[in-house]
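**Q** return atomic coordinates for the entry below.
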Amino acid sequence: MTNPSVLLLRITAAIIILVAIAGTSLMIKRQRDRERDIHDGHPKYRGSTLDAPPAEHNRKTSRLNPGIFGGSKNSAPPKPRSKPPELIVPLTIMAPNNHPFSGKTISRLVQAFGLQYSPNQTYELIGAGGREIFCTMLDVRRPGIFPQNLDNAEHNYEGLMLVLQLPVSQEPVKDWETFSALAHEMAEHCDGCLSDHKRRPLEERALARYRKNIEGYEEHYQNWLRLQRG
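**A** Numbers count the residues shown, from 1 in each chain. As a prediction, this is how the structure comes out:
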């Protein structure tokens, strides 16, 4: 017959082992969640809301190419095992009938879509992981910045520029689809005209060309990823 003290010791040991297993499983799950957030940087588009609450600016807030208002700037192809290839996709939302947007209109847009004012005086939409900038909103007029007080009556805006700078996640085409849907809804929200970077109204053919270019970019980006994995 088993001694009661020995039986109690065995039960205690079994409980300790179960607790250790449960703790290890929890740590593994949290690590996988963190890795998923890092790689899945784009917000899952649900109307005009984000999956994550606004985060502090603990990420890079000056990703945007400073030459965005100039002509096209083609950088040299990146070397293998270096920075990833990039693609800047700008769209504009132009005010209707040459009647500029008021600061109050922009303020309502910012609040409705959860945009955050950045240190470089632009507005940013933060990805669901709370780390990466999904896209940036600028004044269409140079230098593209906004005052902190959007309600100031002295400021008006003939248009807005939305910029997607790829890569955001490892699925550039999916990011483009999210960005396109977001831009359409933002334009509808302020009664603006969704246009290309030259302020020409966007038609279905133009959107198809955007998508084709981004499909080509995604193939290039996936090739770069494969080189990194070696």
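**Q** could you list the low-pLDDT ranges of the chain?
**A** Low-confidence segments of the chain, defined by pLDDT under 70, are located at 1-81, 153.
**Q** same thing but 80
**A** Low-confidence regions of the chain, defined by pLDDT under 80, span residues 1-82, 98, 128-131, 152-154, 230.
**Q** just the helices in it please.
**A** Along the chain, the segments classed as helices by DSSP state H run 4-39, 103-113, 172-189, 204-229.
**Q** for the last one, packing partners?
**A** Judged by 3 or more C-beta pairs under 8 Å, 6 or more residues apart in numbering; DSSP states H and E, the packing partners of helix 204-229 are strand 87-94, strand 159-166, helix 172-189. (Each C-beta comes from the backbone N, C-alpha and C, glycine too.)
**Q** repeat for the shortest one
**A** If you count contacts as 3+ C-beta pairs under 8 Å, 6+ apart, helix 103-113 packs onto strand 156-157, helix 172-189.
**Q** mind doing that once more with 7 Å?
**A** In terms of contact count using 3 or more C-beta pairs under 7 Å, 6 or more residues apart in numbering; DSSP states H and E, helix 103-113 is assigned the packing partners helix 172-189.
**Q** touching, residue 218 and residue 172? I think so.
**A** Yes - in this structure, residue 218 sits in contact with residue 172. The criterion is C-beta atoms under 7 Å, and the distance is 4.3 Å.
**Q** tell me the bridge partners for the closest residue to residue 217 other than its chain neighbours.
**A** The shortest distance from residue 217 to any residue that is not its chain neighbour, by C-beta to C-beta, 6 or more residues apart in numbering, is 4.6 Å, and that residue is residue 87. Taking DSSP bridges, one finds residue 166 as the beta-bridge partners of residue 87.
**Q** residue 218 and residue 172: which is more packed in?
**A** Between residue 218 and residue 172, residue 172 has the larger neighbour count (other C-beta atoms under 10 Å), namely 25 against 20.
**Q** need phi/psi at residue 151.
**A** Note on residue 151: its backbone torsions stand at phi -80, psi 0 [degrees, to the nearest 10].
**Q** check contacts around residue 199.
**A** Applying C-beta atoms under 7 Å, 6 or more residues apart in numbering, one finds that residue 199 lies in contact with 92, 94, 159.
**Q** returning to what we had before: distance to residue 229 added to the helices and strands packed on helix 204-229, as CSV?
**A** As requested, those are exported to CSV (distance: least, C-beta to C-beta, whole Å):
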stretch, distance to residue 229
strand 87-94, 21
strand 159-166, 19
helix 172-189, 17
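**Q** so which of those comes closest to residue 118?
**A** For residue 118, the closest of the helices and strands packed on helix 204-229 is strand 159-166, at 12.4 Å, according to C-beta to C-beta.
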